[in-house]
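>>> Model the following, please.
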Amino acid sequence: MLSFGFAAVTDYKDDDMVCPKIAAVIVGLSTSTLAKLRCQGGGPPYYQPRRSVSYLVGELRAWKRESRRTQTPGRAAKPQSPQDIS
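Residues are numbered from 1 along each chain as shown. So this is what the prediction gives:
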């Protein structure tokens, strides 16, 4: 269980707001990758009412679930034809 001196990552509730450092641990990315995703798009939703960035824990968990892949895009196995089977 990962901890930052305040609470274990698993102790955060879905409606808690967290800083990028804790958000990175929750989604399994580095803080620099999260920063790149904020600029390029494709990352989890974030809030920036002023200068500081924060993330809603429930949205991080949902984004992580939705980002789950079982195969690399564009690398789908070709369907076998009956001639290939025999």
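
>>> which intervals of this structure have sub-threshold pLDDT?
1-7, 75-86 (pLDDT under 70).

>>> same thing but at 80, please
Low-confidence segments of the chain, defined by pLDDT under 80: 1-10, 68-86.

>>> What segments of it are strands?
With strands called from DSSP state E, the chain shows them at 17-18, 55-56.

>>> Can you tell me which of the ones you listed is packed in deepest?
Among those, strand 55-56 has the highest mean neighbour count (mean count of other C-beta atoms under 10 Å), at a mean of 21. In short, each C-beta sits where N, CA and C put it, glycine included.

>>> Trp63 and Leu37 touch, don't they?
No: assessed by C-beta atoms under 8 Å, Trp63 is found out of contact with Leu37, at 9.9 Å.

>>> Now for the two: what residues contact both?
Jointly contacting Trp63 and Leu37 under the rule C-beta atoms under 8 Å, 6 or more residues apart in numbering are Gly43, Pro44.

>>> ok so, going back, distance to Thr72 added to the strands of the chain, as TSV?
Below are those laid out as TSV (distance: least, C-beta to C-beta, whole Å):
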stretch	distance to Thr72
strand 17-18	30
strand 55-56	27
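
>>> Ok, which of the ones you listed comes nearest Tyr46?
Among the strands of the chain, strand 55-56 comes nearest to Tyr46, with 5.3 Å by C-beta to C-beta.

>>> what sits up against that closest one?
Here strand 55-56 makes contact (C-beta under 8 Å, 6+ apart) with 14-20, 23, 26, 44-47.

>>> One more pass at 7 Å, please.
Asp15, Met17, Val18, Ala23, Pro44, Tyr46 (C-beta atoms under 7 Å, 6 or more residues apart in numbering).

>>> Thank you, goodbye.
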